[in-house]
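> 3D model of this:
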Amino acid sequence: YEPEIRKFLSQFGTITRLRLARSKRSTRSKGYAFVEFKSHDVAEVVAKDMDKYFIMQKPISAKLLEPSQVHESLWDGCTKSGKGRGIINMKRIHVKDNKDKNNNRPVDEATGLPVVSEAAKSRKEAKREAVKNALEAAGVEYSLP
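Numbers count the residues shown, from 1 in each chain. Now for the predicted structure:
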């Protein structure tokens, strides 16, 4: 969304910095952004005129922040488009961690498949028995393998 926001708001004046808040996990927009204009007067006009304006079917709540209200690390990473390398690498790390966490089951050396635990076998047998009982109650004669 950064290029669209930049293109739309640049009609008012020169944008010096734009930061769209994104989720670190999914890289999706959190729904709010910060825009810094070169001129304070332009920022006042945009804050006044664009408040409650709709962009991409979403209402904007535009407010003017004084320099004392801006946190020092607000503009960290504002030059990235949001789909930056760090975020993508972090997603890869999460995927790899989850694969390692879920793939630690013992493997049968003969077949190369994961070994099914006794608890899993008993759960499967209980489900099979429940289906068999439901079929018998419905009057269906069917033998499950």
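> Would you confirm that R19 contacts V70?
No. Contact status for R19 versus V70: not in contact, 11.0 Å apart, counting by C-beta atoms under 8 Å. From N, CA and C alone the C-beta is placed, and that goes for glycine too.
> higher neighbour count, the two?
Higher neighbour count among R19 and V70: R19, with 19 against 12, using other C-beta atoms under 10 Å.
> quick one: the most centrally placed residue in the chain from A47, how far?
Nearest to the geometric centre of the chain sits S26, at 2.5 Å (C-alpha atoms, centre = their mean). Distance, S26 to A47, using C-beta to C-beta, to the nearest Å: 29 Å.
> try S10
Counting by C-beta to C-beta, the gap from S10 to A47 is 16 Å.
> Looking at these two, which one has more neighbours?
A47 (17 against 13).
> Could you tell me the backbone phi and psi angles at the more buried one?
phi -60, psi -40 (degrees, to the nearest 10).
> Tell me how many other residues crowd the residue nearest to it when sequence neighbours are not counted.
In this structure, A47 finds its nearest non-sequential neighbour in L64, 4.0 Å apart by C-beta to C-beta, 6 or more residues apart in numbering. Residue neighbour count, defined by other C-beta under 10 Å, stands at 14 for L64.
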